[in-house]
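*Asks:* A structural model of the following input is requested.
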Amino acid sequence: MVIITLQRAKCIGCNYCVEVAPEQFRISKKDGKSVLLQSEEKKGFFTLKSPDDSILEVSENAKNACPVNIISVKHV
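*Replies:* I've put the predicted structure just below:
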């Protein structure tokens, strides 16, 4: 299982995560910040739990591309 977490409030809207992992991220037209698709929000953290291990590499690349380090990726 892959767990991706996004601290959306700290997003600067640079779009790197979308360029690297367009299947997981989009930029909101409302506020220009990143949206973690199919995630659940809890206390400002947006989390996606996916049984699909094939998203691990692109998710790690999105995490590494983020200049403000607001994406975390865990493989459990």
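*Asks:* burial measure for the spatially closest residue to residue 51 that is not a sequence neighbour, as a count.
*Replies:* Counting by CB to CB, 6 or more residues apart in numbering, residue 51 lies nearest to residue 1, which is 5.5 Å off, once chain neighbours are set aside. All C-beta spots, glycine's among them, are computed from the backbone N, C-alpha and C. Look at residue 1: counted by other CB atoms under 10 Å, it has 11 neighbours.
*Asks:* packing partners for the longest helix belonging to the chain?
*Replies:* Longest helix of the chain, by residue count under DSSP state H: helix 56-65. Packing partners of helix 56-65 (3 or more CB pairs under 8 Å, 6 or more residues apart in numbering; DSSP states H and E): strand 2-7, helix 16-20, strand 71-75.
*Asks:* in its sheet, which strands sit next to the first one, and in what direction?
*Replies:* Same thing as strand 2-7. Strand 2-7 pairs in its sheet with strand 45-50 (antiparallel), strand 71-75 (antiparallel), by DSSP bridges.
*Asks:* what's the closest of these to residue 63?
*Replies:* strand 71-75 (4.3 Å; CB to CB).
*Asks:* quick one: that closest one to chain centroid distance?
*Replies:* Distance of strand 71-75 from the chain centroid (CA atoms, centre = their mean, to the nearest Å) equals 9 Å.
*Asks:* C-alpha coordinates for it, PDB please?
*Replies:* Extracted in PDB, the C-alpha atoms of strand 71-75 (Å, rounded to 0.1, in the frame of the first residue of the first chain):
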ATOM      1  CA  ILE A  71       4.300  15.900   0.200                       C
ATOM      2  CA  SER A  72       5.100  12.700   2.100                       C
ATOM      3  CA  VAL A  73       5.000   9.200   0.600                       C
ATOM      4  CA  LYS A  74       5.100   6.000   2.600                       C
ATOM      5  CA  HIS A  75       5.100   2.400   1.300                       C
END
